[in-house]
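*Asks:* Just the structure for this:
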Amino acid sequence: MEKIEKLIKERKAKVGIVGMGYVGLPLAVEFAKGGFAVTGFEVDAQKVRDLKAGISYISDVSTETVGALAKKGLLTATLDFSALRKMDAVIICVPTPLRKSKDPDVSYIVASVQEARKYLRRGQIIILESTTYPGTTKELVKPMLEAGPLKAGRDFYLAFSPERVDPGNPKYGVKNTPKVVGGLTPACTRLAGLLYAAVIDRVLEVTNTETAELVKLLENTFRAVNIGMMNEMALMCNKLGLDVWEVINAAASKPFGFMPFYPGPGIGGHCIPLDPHYLGWKMKTLNFEPRFIELAGAINSSMPEHVVARLGELLNTRGKALSRSKVLMIGMAYKPDIADHRESPAHDVLILLEKTGAAADYYDPYVAETDLEGETRRSRKDALKKIKEYDCVMIVTPHSCIDYADIVKRARLVFDTRNATKGLKGKNLYRL
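*Replies:* Residues are numbered from 1 along each chain as shown. Take a look at the predicted model:
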């Protein structure tokens, strides 16, 4: 233990990051900026080539930063997992999607741990960051790593630390977002905490791995449930003939006891649509029905259908059937001003529009193309110049670079599902 402590304190510990995506690359960059030699482990050959060439493929990390770190020899990448043997700390940052049945798919974790097990050596720190259900580190990862002669807490150190990446957030990144760490033993917690504290401003150590795993699920279940509540409020306001945005903004003026969340066409991203289902699945194995999670999930997943149905109603008031309409959908990313469109509700909205028979295009300055149901859909680059060709413009994801006042001025009908047109007025403008 003293050896790895010394290496960390002197910033001589070699850090390996398994999975160099939206979570792994920013974390690798932060360790490299802190003076640690970092190796990214990937199965994607293009990512490895890019990183070796000093090129970033993640919008939150600049190519200039990656290039400078690569030039100094602090950041590299490889397809060769045997190099894990040389690492003093191995941090696993791989995807954890859901199966179609909404059950956790931990196959990427399993594959990564199998590689780590092959090259596990005495004194290593192994940390899982991938979002997963409580018990994964202890019940799945630990037995796999202990299949050989080495034991966790004695020969190597095992911990869980949930990733807290918010793509496109200009204020909070890896360094200034507090890090939660829970180890299999107190020694595991302390060493993992020491490692993160070398590059992150604040580290919070919790009792065990299960607590750390649940922290992440609580954070995103909290958001999913509250967004679900606001989505249902939007449905109620529609029935009452009220403006949901005005109601929420007025409620937000209260300086205590209220935190504003906002409705929309659904929820997207790599966390909120998925994480509550991990917790729900786990609780069902314990014969506990997670009612809030189930209800919020049902409401949130129904929003794409609601906004398409509402659009149909609005077109009907103009004597136009949705099935015979030409619709421009603005936005494919799951949130404003980023290129990330994982789990974006815009995917479902576009598919539903087409299933009604509508002729639908999309425009997103950040998302040039996306694959939906086996087909590649491309952003229509000249769409904003051709507004008058469309029977309706539907705003699904607002971007700050788009002039919505101009769109309201020129479009026949505008249906804004995200309050991008706040403060604007027009007889042709409708909001969720």
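*Asks:* so the residue nearest to the spatial centre of the chain, which of the three states?
*Replies:* Nearest to the mean C-alpha position of the chain, by C-alpha atoms, centre = their mean, lies residue 270 at 2.8 Å. Using DSSP: H, G, I helix; E, B strand; the rest coil, the structure places residue 270 in coil.
*Asks:* burial of the residue nearest to it when sequence neighbours are not counted, as a residue count?
*Replies:* In space, and not counting its chain neighbours, residue 270 is closest to residue 342: 5.1 Å by C-beta to C-beta, 6 or more residues apart in numbering. From N, CA and C alone the C-beta is placed, and that goes for glycine too. Other residues near residue 342 come to 17 when the count uses other C-beta atoms under 10 Å.
*Asks:* Confirm for me that residue 342 is in contact with residue 269.
*Replies:* Yes: look at residue 342 against residue 269 with C-beta atoms under 8 Å: they come within range, at 6.2 Å.
*Asks:* Quickly list what's touching both of these two.
*Replies:* residue 334 (C-beta atoms under 8 Å, 6 or more residues apart in numbering).
*Asks:* In terms of pLDDT, where does the closest residue to residue 146 other than its chain neighbours sit?
*Replies:* Distances taken as C-beta to C-beta, 6+ apart put residue 152 closest to residue 146, at 6.0 Å, once the chain neighbours are dropped. pLDDT, residue 152: 97.
*Asks:* now swap in residue 167 and tell me
*Replies:* Note on residue 167: pLDDT of 88.
*Asks:* chain center to stretch 24-41, what's the gap?
*Replies:* Its chain's C-alpha centre lies 20 Å from the corresponding centre of stretch 24-41 when counted by C-alpha atoms, centre = their mean, to the nearest Å.
*Asks:* Following whichever helix or strand residue 232 is part of in sequence, what is the next regular element?
*Replies:* Assessed by DSSP states H and E, residue 232 sits inside helix 209-240. Remark: after helix 209-240, the chain's next helix or strand is helix 244-251, criterion DSSP H and E.
*Asks:* which helices and strands sit right next to whichever helix or strand comes after that following helix?
*Replies:* Sequence-wise, the next helix or strand downstream of helix 244-251 (DSSP H and E) is helix 275-285. Applying 3 or more C-beta pairs under 8 Å, 6 or more residues apart in numbering; DSSP states H and E, we find helix 275-285 packed against helix 209-240, helix 291-317.
*Asks:* buried stuff in the first one?
*Replies:* Looking back up the chat, that one is helix 209-240. 209-210, 212-217, 219-221, 223-225, 227-235, 237 (16 or more other C-beta atoms under 10 Å).
*Asks:* For residue 345, which residues are in contact?
*Replies:* Neighbouring residues of residue 345 by C-beta under 8 Å, 6+ apart: 264, 265, 266, 267, 268, 303, 304, 334, 396.
*Asks:* Can you verify residue 17 is assigned to a strand?
*Replies:* Yes: counting by three-state DSSP, residue 17 falls inside a strand.
*Asks:* From residue 410, how far out is the residue of the chain most remote from its centre?
*Replies:* Relative to the centre of the chain, the most outlying C-alpha is that of residue 319, 40.2 Å out, by C-alpha atoms, centre = their mean. Residue 319 is 20 Å from residue 410, where distance means C-beta to C-beta, to the nearest Å.
*Asks:* quick one: contacts of stretch 396-408?
*Replies:* Contact partners of stretch 396-408, identified using C-beta under 8 Å, 6+ apart, comprise 265, 307, 329-337, 344-346, 349, 364-366, 384, 387, 393, 395, 414, 416-421, 424, 426, 428-429.
*Asks:* Output that stretch as CSV, nothing but the C-alphas.
*Replies:* Output in CSV follows, covering the C-alpha atoms of stretch 396-408 (Å, rounded to 0.1, in the frame of the first residue of the first chain):
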residue,chain,number,x,y,z
VAL,A,396,-37.5,20.0,-30.3
THR,A,397,-34.0,21.1,-29.2
PRO,A,398,-33.2,24.8,-28.9
HIS,A,399,-29.7,26.0,-29.8
SER,A,400,-28.4,29.5,-29.0
CYS,A,401,-27.1,30.0,-32.5
ILE,A,402,-30.5,29.9,-34.1
ASP,A,403,-32.6,33.1,-34.6
TYR,A,404,-36.0,32.0,-33.4
ALA,A,405,-37.5,35.4,-33.8
ASP,A,406,-36.8,35.1,-37.5
ILE,A,407,-38.4,31.7,-37.6
VAL,A,408,-41.6,32.9,-35.9
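*Asks:* picking up where we left off before, what about the residue nearest to residue 146? Give its phi and psi, please.
*Replies:* Backbone geometry at residue 152, expressed as degrees, to the nearest 10, gives phi -70, psi 140.
*Asks:* Just give the number of residues close to it.
*Replies:* Other residues near residue 152 number 21, with proximity taken as other C-beta under 10 Å.
*Asks:* Report the beta-bridge partners for it.
*Replies:* Using DSSP bridges, the beta-bridge partners of residue 152 come out as residue 156.
*Asks:* you'd agree it is up against residue 138?
*Replies:* No: judged on C-beta under 8 Å, residue 152 makes no contact with residue 138 at a distance of 9.0 Å.
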